[in-house]
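# sequence and predicted structure below; questions after.
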Amino acid sequence: MKKFNWLNAITYIARAWALIIAIFAILAMFSNQFGITATGVESQSTDNIVSFIFFPLGTVGGMMWAWKKELQGGIIALASMVGLIVLSPDLLEVYWLLVFILLPIFLFIWIGYAKRNLNSQ
């Protein structure tokens, strides 16, 4: 029987968490990002398009990249979230949602550093 590995357990928790965020982001993206509303199709502003690049594309893309390369994907996702917050600072009012999204990102970055240190020993 294999010995329990905390790093692998945390990796699977971060992956599951990222998958949940990705599912909700994709559902939200299809519901309103393409301008489909009850009144019909609307055009999107430049701010909405740039926000869309940061979240969900950059953040979710980074978290999915982190499934293979934790450190790189975590940094991509973190940079996208920072860009989104800089673009829309009013998102800081919904801190619980930011914490929910940022925790797996920080887990991926921590896992990436931990695996790098384990491989260098």
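Nice, thanks for sending it over. In this text the structure is predicted, and so the values were computed from the model without any measurement.

# ok, now how distant is the residue nearest the centre of the chain from residue 116?
In the chain, the residue lying closest to the centroid (CA atoms, centre = their mean) is residue 59, at 3.7 Å. Taking CB to CB, to the nearest Å as the measure, residue 59 and residue 116 are separated by 22 Å. Placement of C-beta: from N, CA and C, glycine included.

# circling back to that earlier point, counting by contacts, list what the helix or strand harbouring the residue nearest to the centre of the chain packs against.
Assessed by DSSP states H and E, residue 59 sits inside helix 59-65. Packed against helix 59-65 by the contact rule (3 or more CB pairs under 8 Å, 6 or more residues apart in numbering; DSSP states H and E) you find helix 6-28, helix 70-87, helix 95-120.

# let's have the ones you listed in TSV, adding mean neighbour count, mean pLDDT and distance to residue 50.
Converted to TSV, the helices and strands packed on helix 59-65 look like this (neighbours: other CB atoms under 10 Å; pLDDT from 0 to 100; distance: least, CB to CB, whole Å):
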stretch	mean neighbour count	mean pLDDT	distance to residue 50
helix 6-28	15	92	16
helix 70-87	19	94	6
helix 95-120	15	93	18
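
# want to throw the ones you listed into TSV with distance to residue 54?
Output for these, formatted as TSV (distance: least, CB to CB, whole Å):
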stretch	distance to residue 54
helix 6-28	11
helix 70-87	4
helix 95-120	12
